[in-house]
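>>> let me see the structure of the following:
(2 chains)
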Amino acid sequence: NAGVIQTPRHKVTGKGQEATLWCEPISGHSAVFWYRQTIVQGLEFLTYFRNQAPIDDSGMPKERFSAQMPNQSHSTLKIQSTQPQDSAVYLCASSIGVGSQNTLYFGAGTRLSVL
Amino acid sequence: GEKVEQHESTLSVREGDSAVINCTYTDTASSYFPWYKQEAGKSLHFVIDIRSNVDRKQSQRLIVLLDKKAKRFSLHITATQPEDSAIYFCAASIGSSGNKLIFGIGTLLSVKP
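Below you'll find the predicted structure:
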């Protein structure tokens, strides 16, 4: 079991460019979560999917951020027109289920740097 | 919105002493309280959790206490070792479904030999 796999590990973009981050959850896990980690804000919830369906995107900045889960083996987080304040480590996590079974297994993260 | 506050941003203890990290939460519906550890340069991994039907849970040197009335929970690490040095995050489930976790900002624990 390779755990949650996130690619790329590091991404550098210029202001205004698009960034797509990829996540492969642990096989058999039904829930996928995206978090953003910064020194100032800590871990911020962005969105989550259960059985590939979007359930809660209340943490997603509107307009520029979008997430998809086209199949059970991967999810993407897309940031359009990146801004310097988007610089952060983006963490993907998966869990077997939700509710009382929601121990999250985190990936290593993608460090996004917007210049 | 609902919040989880982690009261100690940094904590330094001597090897062998105990360390205590305190968190409070705002959502009265929170029922699940996990703790995660992040070592330098690595991602988070689960260490211990507690559910709202109990007020104490122990796993080896880790003890979690939950006070639902005060909406407070804490992680106690006994007989600390240098390898306990890391950032510790508390979290609480949000809403009656409990499907989403909100995290505290993290506590940097340093265990000095």
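>>> quick check, central residue of the chain?
No chain in the question, so chain A it is. residue A:34 (3.3 Å; CA atoms, centre = their mean).
>>> that was the other one, I meant chain B.
Centre-nearest of chain B using CA atoms, centre = their mean is residue B:90, 3.7 Å out.
>>> I figured that one hits residue B:35, correct?
Yes: in terms of CB atoms under 8 Å, residue B:90 counts as a neighbour of residue B:35; the distance is 5.6 Å. To be clear about C-beta, it is placed using only N, CA and C from the backbone, and glycine gets the same treatment.
>>> overlap in contacts of the two?
Residues touching both residue B:90 and residue B:35 (CB atoms under 8 Å, 6 or more residues apart in numbering or on different chains): residue B:75.
>>> contact residues of chain A facing chain B?
A:31, A:33, A:35, A:41-43, A:45, A:48, A:50, A:55-56, A:91, A:93, A:98-100, A:102-109 (CB under 8 Å from any CB of the partner chain).
>>> which positions in chain B make contact with chain A?
Counting by CB under 8 Å from any CB, chain B sits next to chain A at B:31-32, B:34, B:36, B:42-46, B:49, B:51, B:89, B:93, B:97-106.
>>> in strands, which of these appear?
Judged by DSSP state E, those include B:32, B:34, B:36, B:44-46, B:49, B:51, B:89, B:93, B:100-103 as members of strands.
>>> nearest to residue B:24 among those?
residue B:102 (11.9 Å; CB to CB).
>>> in chain B, which helix or strand is least confident?
strand B:100-103 (a mean of 91; mean pLDDT, DSSP states H and E).
>>> enumerate the positions of it that are buried.
B:100-103 (16 or more other CB atoms under 10 Å in any protein chain shown).
>>> relative to chain A, which of these is nearest.
residue B:103 (3.9 Å; CB to the nearest CB).
>>> so the closest one makes contact with residue B:87?
No: contact criterion CB under 8 Å: residue B:103 and residue B:87 do not qualify, at 10.9 Å.
>>> which pLDDT value goes with the residue nearest to residue A:102 when sequence neighbours are not counted?
Excluding the flanking residues, the one nearest residue A:102 by CB to CB, 6 or more residues apart in numbering or on different chains is residue A:95, at 4.8 Å. pLDDT for residue A:95: 92.
>>> ok, now the one 3 residues further on?
According to the per-residue confidence, residue A:98 scores 72 in pLDDT.
>>> confirm for me that it is in contact with residue A:31.
Yes: taking CB under 8 Å as the definition, residue A:98 is a contact partner of residue A:31 at 5.0 Å.
>>> low-confidence ranges in chain B?
Applying pLDDT under 70 to chain B flags residues B:96.
>>> with chain A instead?
For chain A, the ranges with pLDDT under 70 are A:1, A:99-101.
>>> tell me the secondary structure at residue B:83.
On the three-state scheme (DSSP: H, G, I helix; E, B strand; the rest coil), residue B:83 is labelled helix.
>>> list the contacts of it.
Contacts of residue B:83 by CB under 8 Å, 6+ apart are residue B:111.
>>> that one and residue B:61: what is the separation?
Residue B:83 is 11 Å from residue B:61, where distance means CB to CB, to the nearest Å.
>>> please report how far residue B:62 lies from residue B:42.
18 Å.
>>> so which of those two has more stuff around it?
Comparing residue B:62 with residue B:42 by other CB atoms under 10 Å in any protein chain shown, the one with more neighbours is residue B:62, at 16 against 13.
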